[in-house]
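Student: A predicted structure for the sequence below; I have some questions about it.
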Amino acid sequence: MASAASRKSLLRARIMDFITSTATVPLLLGCVGVFSLCKLLQWLRTRADVRNAVVVITGATSGLGRECARVFHAAGAKLVLCGRNAKALEELTRELAASRATEVQTHKPSMVTFDLTDPGAIVGAAAEILQCFGYVDVLINNAGISYRGTIVDTSLDVDKRVMETNYFGPVALTKALLPSMIRRRQGHVVAISSIQGKISVPFRSAYAASKHATQAFFDCLRAEVEQHDIEVTVVSPGYIHTNLSLNAVTADGSNDGQDHGPGPKPLAGGPRRAGCRGEEKEGCGPGRCGAFPGCLPAHSGSQALLQPHGLPGQEGAETQALLVPVRAGGAAAPLLHRDRCEVTSKRA
Ligand SMILES: NC(=O)C1=CN([C@@H]2O[C@H](COP(=O)(O)OP(=O)(O)OC[C@H]3O[C@@H](n4cnc5c(N)ncnc54)[C@H](OP(=O)(O)O)[C@@H]3O)[C@@H](O)[C@H]2O)C=CC1
Ligand SMILES: CCCCCCCCCCCCCCCC(=O)OCC(=O)COP(=O)(O)O
């Protein structure tokens, strides 16, 4: 016992000697220096600009796409804004042009109007996109629709429509733009998927299937085009309050005009459970939720992904600016809040 105690005090004395020795302070400073340098490099990488990078955004008229447009425009990217609604695209272009000047030079965005469910239109649109600036650095496949319904009641046409919008459209557009990227040995393809591309949720079959397919396709693409120096990123957000829920198609293909999503209100009283609409209601409880009965563990490690959040600037939204880097030929730009979505990317 005595020898163990003396060994302990000897060890303590040695530790104290080491701490008070002259080498400790430089060592500590060195560690802090290396740590700070790493942090600085990390920060520089995420801040590295997309000035002059040609960034194509589908579904730019609303929600995430619109927000991406604002962020990339302010960062000095040359935008090609895509959507179905020419008027909405024009309005966005005007809004961007009128936006407050940033420290970087901004560019007047171009617009290309097409419907992702029309394969013929996509081929023409890709040619138009390439004509805008001659090449594409970043393609953000963002446009998409939501779906709600039971499998048994849902017509196959609805399944097809969701797949065409969320999967075949982005696939076709990517295929049409890839050869140009490959020729230049430069490009970054981004697919906005969803947590539902990883987890299947009842009453969302077509949507979850389209996002699972998206994840798989773009994972394959990443492996195939790495040799051409092209990067591929799949972004899988949790709930964000946009028009997605409001525009969802239902089993018969109609739109019920209802926002079943997490809702626009501030997260008063703390986060809601996924799918619950702010107020407690029948069906929402630990491990259960009105929207997804029985499928949500009340307290899981995934809660951060499930808490609804808004886009920057939305009332009640969390406006943290921690952003996922989307790199354009060695540059980087912000896209989405990293803590709120999973990102599959070789270097992310
Ligand atoms: N909001 C959320 O909680 C989450 C969203 N996502 C994904 O983010 C992406 C963007 O969604 P979000 O911003 O929320 O939704 P919004 O409904 O706000 O925006 C969707 C955009 O896609 C466009 N779009 C829809 N259908 C077509 C089509 N057939 N052809 C061309 N454009 C079309 C819409 O254009 P138009 O104005 O013409 O309808 C609109 O610009 C989607 O892929 C979605 O699945 C992923 C996870 C969570
Ligand atoms: C061990 C931990 C397991 C945790 C499992 C939780 C599984 C719950 C998955 C729920 C995913 C919700 C993410 C939603 C992201 C998304 O794409 O949202 C789309 C919409 O919000 C569309 O709205 P709608 O109301 O039309 O569904």
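Tutor: Yes, it's here. Ligands and ions are numbered 1, 2, ... in the order given.
Student: going forward, measure contacts between C-alpha atoms and count neighbours the same way
Tutor: OK.
Student: so what's the residue in the stretch 1-150 of the chain that ligand 2 sits nearest to up against?
Tutor: Closest residue of the stretch 1-150 of the chain to ligand 2, C-alpha to the nearest ligand atom: Ser146 (4.8 Å). Applying C-alpha atoms under 8 Å, 6 or more residues apart in numbering to Ser146 gives the contacts Val162, Tyr207, Leu244, Ser245, Asn247, Ala248, Val249.
Student: wait, the last one sits on Arg148?
Tutor: Yes - taking C-alpha atoms under 8 Å as the definition, Val249 is a contact partner of Arg148 at 6.4 Å.
Student: just to revisit the earlier point, pick the one among the contacts of Ser146 closest to ligand 1.
Tutor: Among the contacts of Ser146, and counting by C-alpha to the nearest ligand atom, the member closest to ligand 1 is Leu244, at 3.4 Å.
Student: What helix or strand is Ala125 located in?
Tutor: helix 119-133 (DSSP states H and E).
Student: for the stretch 151-300 of the chain, which spans come out with low pLDDT?
Tutor: Applying pLDDT under 70 to the stretch 151-300 of the chain picks out residues 261-300.
Student: What are the boundaries of the strands in it?
Tutor: In the stretch 151-300 of the chain, strands defined by DSSP state E, counting those that start in this stretch lie at 187-192, 230-237, 249-250, listed in chain order.
Student: So Val123 sits against Lys175, correct?
Tutor: No - under the criterion of C-alpha under 8 Å, Val123 is not in contact with Lys175, lying 9.3 Å apart.
Student: The two: who's more crowded?
Tutor: Val123 (17 against 13; other C-alpha atoms under 10 Å).
Student: okay if I get the contacts of Ser146 as CSV plus neighbour count and distance to Cys38?
Tutor: As requested, the contacts of Ser146 are exported to CSV (neighbours: other C-alpha atoms under 10 Å; distance: C-alpha to C-alpha, whole Å):
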residue, neighbour count, distance to Cys38
Val162, 28, 43
Tyr207, 29, 40
Leu244, 21, 38
Ser245, 22, 41
Asn247, 18, 44
Ala248, 24, 44
Val249, 23, 47
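Student: so which of those residues are also by ligand 2?
Tutor: Restricting those to those touching ligand 2 (C-alpha under 6 Å from any ligand atom) yields Leu244, Ser245, Ala248.
Student: My guess is the first one contacts Arg148. True?
Tutor: No - counting by C-alpha under 8 Å, Leu244 sits too far from Arg148 to count as a contact (11.3 Å).
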